[in-house]
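In: Provided below are the primary sequence and the corresponding predicted coordinates.
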Amino acid sequence: MNDVMTRCVSLATGALSPDLRANYEFGLVLGVDDFRQEQMYLLEKDYLYNRALHGFGTAYGLRVTAERQPDTDPDVLITVHPGMGLDQWGRPIVVRTPQCARLGAWLAKHPPPDDGGATTPPVRRSAYVVAAYAECTDALVPVPGQPCSSSDTTRVPSRIRDSYDIELRWAPPAMPAWDAVRRFAELMARVRIVPGMDPTLSDEAAIIDLVRALDAEPPASPPAPPVPPTPLRLPAETVRDALDRIFVVWVTEVRPRLRPNLTDPSLPPEGEETAGGEGSPAPEATGEPAILLARIDFEPADPFDANAPRITVFDPPRADGRPYLLHTQLIQELLLLGGTGEDGKPRREFA
C-alpha cells in the first residue's frame, strides 16, 4: 500500500498551470497540489495584470544614497531606503526598512570581471544597485512522520514570506521593455497633426516602420543629432484611424517580442524549447526580472587591499535609466493641467 503522504503528481510535470483554478465540489478530496494550484492562479493573475497593463519600475521610495559612516571609515555605505516597486515579471518589491551594504567590502569579494581576480582594479569603476522580488519559507511546524524519516525531515515551513533581492552588480539588468517604451514615446512626440494636409504626404507608413523596429537593440552610445529630428506628419482629418493602425502594430507585433514574456514568467517565449523537458523551463527563458535602482561611480584605492578595502572617491548615486511608474492620480492631474480656452480646446497640449 502506498504511503498516504506520497505526492501522486510531481510539480515538475507541468500539472500546475497559471490558467487553472480549483473547482470546488462537495465530496472532492483536496491535496497539497490543489491548494498550490489555487495560489498560483491568483498570484499569476496579479503579476500578469501588473506587467501587462502597468509595466515595471519604482512606484515610490527606494531612494539610493552613498555616504561615509563614520567620517573616518575608508569604506562607503550604500543604503536603499524603504519603498515599493514592481520587477520585470510584475512582482511587488516592498522594502519596509533601510537596506545597507559596504561598497569596498563588496569589491573585495567581487573583483572586476575583466581583472582576472587581480587585487588592483582600474581606477574608475561603476557598480549598479538592482532589486527583484524574492520569497522565502518561514514558520517551521511538525508534520506526521514518514517511513525511514528522521526528526530533521518532520518539520516543514508553514508560511511563504514575500521578500526581495537587492544586490550590487558590475552590469545593469537588461530592461528592453522599458527601453522600447521610452523610444516609442519619443517617436510619437515627433508626430504632428496637420489640418488640410494632402493624404498622399502622410508619414503613417514611415511611422509604422519605425514602430516595428523599436524592440531592436539600440546602439551603445548613439551620437547626438546635430539638429532636432524631422517631425512626422499625419493629416488631421484621418488621424484617428491612422493612430489606431499605429497603436495596433505596437500592441500586436512589438510588445509580444519584448522580454520578459507577457504571458507567464514560468513559460518560455513562443517558439523556444525548454532546457529540462516538459514542465522545466530554461532559467533564461523569461529574461531578467531585476530592475535598476542606481549607478554608483567610484575609485578604489590603488593598490587595493581586499583585507582592508578602501574607496578613495565616489560620486552620488545616479538614476540614469532607472524605470519608474507614475500612479494614476498623478497622470490624471497632469492631463487636466492644460485646462480649456474659450473655444473649448486645450490651452496647451500634453505630450
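Out: That came through fine.
In: which residues in the stretch 251-351 of the chain form strands?
Out: Ranges of strands in the stretch 251-351 of the chain, per DSSP state E, counting those that start in this stretch, are 291-300, 311-314.
In: tell me which of those sits most buried.
Out: strand 291-300 (a mean of 21; mean count of other CB atoms under 10 Å). For glycine as for every other residue, the C-beta is placed from the backbone atoms N, C-alpha and C.
In: what helices and strands are in contact with it?
Out: Judged by 3 or more CB pairs under 8 Å, 6 or more residues apart in numbering; DSSP states H and E, the packing partners of strand 291-300 are strand 57-61, strand 64-67, helix 103-109, strand 125-142, strand 311-314.
In: any buried residues in stretch 164-178, and which?
Out: For stretch 164-178, a neighbour-count test (16 or more other CB atoms under 10 Å) marks 164, 166, 168, 172-173, 175-178 as buried.
In: need the max-distance pair from those residues.
Out: Across the buried residues of stretch 164-178, no pair lies farther apart than Leu168 and Ala177, at 23.2 Å, counting by CB to CB.
In: picking up where we left off before, is it possible to get a markdown table of the helices and strands packed on strand 291-300 that adds mean pLDDT?
Out: Compiled in a markdown table, the helices and strands packed on strand 291-300 are given as follows (pLDDT from 0 to 100):
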| stretch | mean pLDDT |
| --- | --- |
| strand 57-61 | 97 |
| strand 64-67 | 96 |
| helix 103-109 | 94 |
| strand 125-142 | 92 |
| strand 311-314 | 92 |
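In: those: which one's closest to Val32?
Out: strand 125-142 (14.2 Å).
In: okay, Val9: pLDDT?
Out: pLDDT recorded at Val9 is 41.
In: low pLDDT regions in the stretch 251-351 of the chain?
Out: Within the stretch 251-351 of the chain, the stretches with pLDDT under 70 are 259-287, 338-351.
In: ranges for the helices of the chain?
Out: For the chain, applying DSSP state H gives helices covering 32-49, 103-109, 176-189, 204-212, 239-249, 328-336.
In: so how far is the shortest one from its chain's centroid?
Out: I take that to be helix 103-109. Using CA atoms, centre = their mean, to the nearest Å, the distance from the centre of helix 103-109 to the centre of the chain it belongs to is 26 Å.
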